[in-house]
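Visitor: model this:
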Amino acid sequence: MTRDDVLKYTDMLRDSGLTPRTIANRLAFLKTFFKHFGLAWPMLKTDRVKFTEKTVEAYSLEDLKSLFAAANQEELELFHFLLGTGVREQEAMFAVWKDVDFNGSSFKVSEKLDLGFTPKDKEEGSIPIPDSLVALLKARRERYSDTRLIFPLPDGKPNGHMLRTLQRLAHRAGLNCGGCYNRAGRCCKDKAICHHWGLHRFRKTFATMHHEAGVPVRTIQRWLRHSSLDTTLRYLAGSDDKNAKTRLKVNNSF
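Guide: Numbers count the residues shown, from 1 in each chain. Coordinates of the predicted model:
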């Protein structure tokens, strides 16, 4: 494979409507493939696909209150779990009751080879969870006493529709921004497609809430299972800009 081949592949991805960030990710995967087989990466620095690094903001307390107020019991438990643990989507999909320590008030991200699940970077870890989430999970356990997964589909399989559930709930709660459009030209004002609502923002919110409560950054890094502190700091970037202490300093400056 030559540079021309990779450039044609890049053009094909662009013509198919993928975003620059997604194209850059695909090329990164291809570069890893080349390195695995000891092949020289043929692309030049000038061939790099440029993209805007999107900032991910935490959910506001007002948005969370409105979201939970409109949720049914199943939705309430799922999104409280994502908020209270800070886990990734697949980690929630493959969460099992054995991972919950009701006495120690913690949740463990663990490998399940029989289900085909391995944590990102093979990083297992235990996360302390609030008493309010422990109470919700205890009540849920009574209702789902014969399931292995905490949030299974009706057929017992892992739930891969969590994002769709969140966006439908946000639309039902009247929380869509009204400015998002999908590839078909549909607006989130009328459809459950708002990009403002995503599962990974619960992880960002988890980190922000603990940071504002005074939890050390290194501890948050361990709970998020980040191999690099820089990654955790990116999660917390700007988290101080909206708190009361910062607002007091800004107002005092003027």
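Visitor: So for the longest helix seen in the chain, what gets flagged as buried?
Guide: In the chain, with assignment by DSSP state H, the single longest helix is helix 20-36. Neighbour-count burial for helix 20-36, counted by 16 or more other C-beta atoms under 10 Å, picks out 23-24, 27, 30. C-beta here means a position set from N, CA and C on the backbone, and glycine is covered the same way.
Visitor: Looking at the residues you listed, which is nearest Leu199?
Guide: Nearest to Leu199 out of the buried residues of helix 20-36 is Ala24 (C-beta to C-beta; 21.6 Å).
Visitor: got any ranges where the chain has weak pLDDT?
Guide: In the predicted model of the chain, no residue satisfies pLDDT under 70.
Visitor: And the helices in it?
Guide: Taking DSSP H as the criterion, the chain contains helices spanning 3-15, 20-36, 61-70, 73-85, 89-93, 131-143, 162-172, 200-212, 217-224, 229-236, 244-253.
Visitor: for the longest helix of the chain, packing partners?
Guide: Applying 3 or more C-beta pairs under 8 Å, 6 or more residues apart in numbering; DSSP states H and E, one finds that helix 20-36 makes contact with helix 3-15.
Visitor: The helix it packs on vs helix 20-36, what angle?
Guide: Put simply, helix 3-15 runs at 150 degrees to helix 20-36, going by axes from the mean of the first three to the mean of the last three C-alpha atoms, to 10 degrees.
Visitor: Centre of the chain to helix 3-15, how far?
Guide: Put simply, helix 3-15 sits 29 Å off its chain's centre (C-alpha atoms, centre = their mean, to the nearest Å).
Visitor: Could you list the buried residues of that helix?
Guide: In helix 3-15, counting by 16+ other C-beta under 10 Å, buried: 6, 10, 13.
Visitor: picking up where we left off before, which of the helices of the chain sits closest to Leu153?
Guide: Leu153 lies closest to helix 89-93 among these, at 9.8 Å (C-beta to C-beta).
Visitor: Ser227 is in contact with Asp121, correct?
Guide: Yes. Between Asp121 and Ser227 there is a contact under C-beta atoms under 8 Å: 5.8 Å.
Visitor: just to revisit the earlier point, columns distance to Ala170 on top of the buried residues of helix 3-15, output as JSON lines?
Guide: Formatted as JSON lines, the buried residues of helix 3-15 follow (distance: C-beta to C-beta, whole Å):
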{"residue": "Val6", "distance to Ala170": "39"}
{"residue": "Thr10", "distance to Ala170": "34"}
{"residue": "Leu13", "distance to Ala170": "30"}
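Visitor: re the thing from before, Phe102: which of the helices of the chain is closest?
Guide: Comparison of these against Phe102 by C-beta to C-beta identifies helix 131-143 as nearest, at 6.2 Å.
Visitor: what packs against the closest one?
Guide: Secondary-structure packing of helix 131-143 (3+ C-beta pairs under 8 Å, 6+ apart): helix 73-85.
Visitor: Alpha carbons only: can I get the helix it packs on in PDB?
Guide: Provided in PDB are the C-alpha atoms of helix 73-85 (Å, rounded to 0.1, in the frame of the first residue of the first chain):
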ATOM      1  CA  GLN A  73     -37.900   4.200  37.000                       C
ATOM      2  CA  GLU A  74     -35.800   2.300  34.500                       C
ATOM      3  CA  GLU A  75     -34.400   5.500  33.000                       C
ATOM      4  CA  LEU A  76     -33.800   7.000  36.400                       C
ATOM      5  CA  GLU A  77     -31.800   4.000  37.600                       C
ATOM      6  CA  LEU A  78     -29.700   3.800  34.400                       C
ATOM      7  CA  PHE A  79     -28.700   7.400  34.300                       C
ATOM      8  CA  HIS A  80     -28.100   7.700  38.000                       C
ATOM      9  CA  PHE A  81     -25.800   4.800  37.600                       C
ATOM     10  CA  LEU A  82     -23.800   6.400  34.800                       C
ATOM     11  CA  LEU A  83     -23.600   9.700  36.800                       C
ATOM     12  CA  GLY A  84     -22.700   8.000  40.100                       C
ATOM     13  CA  THR A  85     -20.000   5.700  38.700                       C
END
